[in-house]
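Asker: need a 3D model of the sequence below.
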Amino acid sequence: MSGSVLVTGGGGFIGTWVLRELVARGMRPVVYDMQRNSDRWRRVLGADEAKVSFVAGDLLDRRLLQKTADDHQVTHIVHLAALLTPNCQQDPYAGCEVNVLGSMALFELARTSARPIGGFAYASSFAVYGPEVDDSSLGLKLADNRPPSFYGAFKMAVDLIAEQYWRHFGIASVGIRPHVVYGPERVVGLTAGPSQAARAAALSEPYTINYTGKVGYDYVEDVARAFVQSVLETPPGSHVVDLPGQVATTEEFVRVIDRVVPGAGARLTVDGPAIPANIPPQPNYITGLFPNWRSTTLEEGVRRTVDFYRQTIDGHENCR
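Answerer: Got it, this is the predicted structure:
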């Protein structure tokens, strides 16, 4: 299969691995982002970085989006760009502009493009789920795991918007909801701790993971594969699917690292607040769309992460 895939947010952690998967499948990625991340691309893609086109742009600049699609003959769209929870809480208006109107701009691009868009995959989130809340002090009773944050509300809005684009315009799409995503190059965000702990184990360094709790973990290559398979094989309809994830406590994650790197557990600690599990009341797993889907085990994902950093370190040392 061949074609040109527009990837918004391709400079990010998940986006970089999506680029790697697209190139491996013979597709031509076109990153649309505020800035490129050449260093990360080189570490993950190697020489294939040269196969990635880049356009610096804002999601709200619909003219530039259209020009990008025309210039690069875009055939598919992977939409990852978004402001995350802290930014949305601090500035809900900006969060709505980027996460909701920015997503609308991509759906409109798919609707109005002179060249048919063959597939559309976008990042939904487990943040659409929250604990059941009965807060009489605020006069709120939120049942059915409603989103507890602006970020989650914006993601839920995009899921509903995607449904309308299928209903009225026949724009098929797949929204992907991963749990905590871990793996090589995860460096920012509250839940980056386990990935950084695996890196510390590879370097024989100490590290403290700054949260506790039991959540699902998805290895980044699985997440990238979910987006790429969904965009290249988008079935009719508006679908939102959950990734299975492997549920573990933070302490259990550390024990997995210790099995992969014996002795590393003695240098790793856990200290911080518990984070919400955001468990879906009725999971709709990706296996419903792709029955042959297989997830990487937590131990294998940690092993690949450790190996990545060991190889990166050895490569740097050999270049000195």
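
Asker: in three-state terms, label the nearest residue to Ser53 once chain neighbours are set aside for me.
Answerer: Excluding its sequence neighbours, the residue lying closest to Ser53 (Cβ to Cβ, 6 or more residues apart in numbering) is Val30, at 4.5 Å. For glycine as for every other residue, the C-beta is placed from the backbone atoms N, C-alpha and C. Using DSSP: H, G, I helix; E, B strand; the rest coil, the structure places Val30 in strand.

Asker: now Val30: how far from Ala56?
Answerer: Applying Cβ to Cβ, to the nearest Å, the value for Val30 to Ala56 is 12 Å.

Asker: repeat that for Pro291.
Answerer: For Pro291, the distance to Ala56 equals 40 Å [Cβ to Cβ].

Asker: between these two, which one's more packed in?
Answerer: Taking other Cβ atoms under 10 Å, Pro291 and Ala56 do not tie; Ala56 has more neighbours (12 against 7).

Asker: and the more buried one, what does it touch?
Answerer: Residues in contact with Ala56 (Cβ atoms under 8 Å, 6 or more residues apart in numbering) are 33-36.

Asker: could you pick out the buried ones from those residues?
Answerer: Buried by 16 or more other Cβ atoms under 10 Å: 33, 36, out of the contacts of Ala56.

Asker: narrow the contacts of Ala56 to those in strands?
Answerer: Judged by DSSP state E, strands contain the following of these: Asp33.

Asker: identify the farthest-apart pair in the contacts of Ala56.
Answerer: Taking every pair in these and measuring Cβ to Cβ, the maximum separation is 9.2 Å, between Met34 and Arg36.

Asker: now for those two: what residues contact both?
Answerer: Counting by Cβ under 8 Å, 6+ apart, the residues touching both Met34 and Arg36 are 11, 56.

Asker: flag every buried residue along stretch 271-289.
Answerer: Using 16+ other Cβ under 10 Å as the burial criterion, the residues of stretch 271-289 that qualify are 275, 277-279, 285-286, 289.

Asker: now, which of those sits nearest Ala248?
Answerer: For those, the closest approach to Ala248 (Cβ to Cβ) belongs to Ala277, at 11.1 Å.

Asker: for the closest one, list the residues it contacts.
Answerer: Counting by Cβ under 8 Å, 6+ apart, Ala277 touches 213-216.

Asker: how about Lys214?
Answerer: For Lys214, the contacting residues are 247-249, 277, by Cβ under 8 Å, 6+ apart.

Asker: just the buried members of those?
Answerer: 248, 277.

Asker: where do the strands sit along the stretch 1-150 of the chain?
Answerer: Secondary structure of the stretch 1-150 of the chain, counting by DSSP state E, counting those that start in this stretch: strands at 4-8, 28-33, 53-56, 74-79, 119-123, 133-135, 140-142.

Asker: so what's Lys155 closest to, chain neighbours aside?
Answerer: Nearest residue to Lys155, sequence neighbours excluded (Cβ to Cβ, 6+ apart): Ser125, at 4.3 Å.

Asker: do the same with Arg255
Answerer: Nearest residue to Arg255, sequence neighbours excluded (Cβ to Cβ, 6+ apart): Gly265, at 6.4 Å.

Asker: Ser195 too?
Answerer: Spatially, and ignoring its direct neighbours in sequence, Ser195 is nearest to Arg186 (3.6 Å; Cβ to Cβ, 6+ apart).
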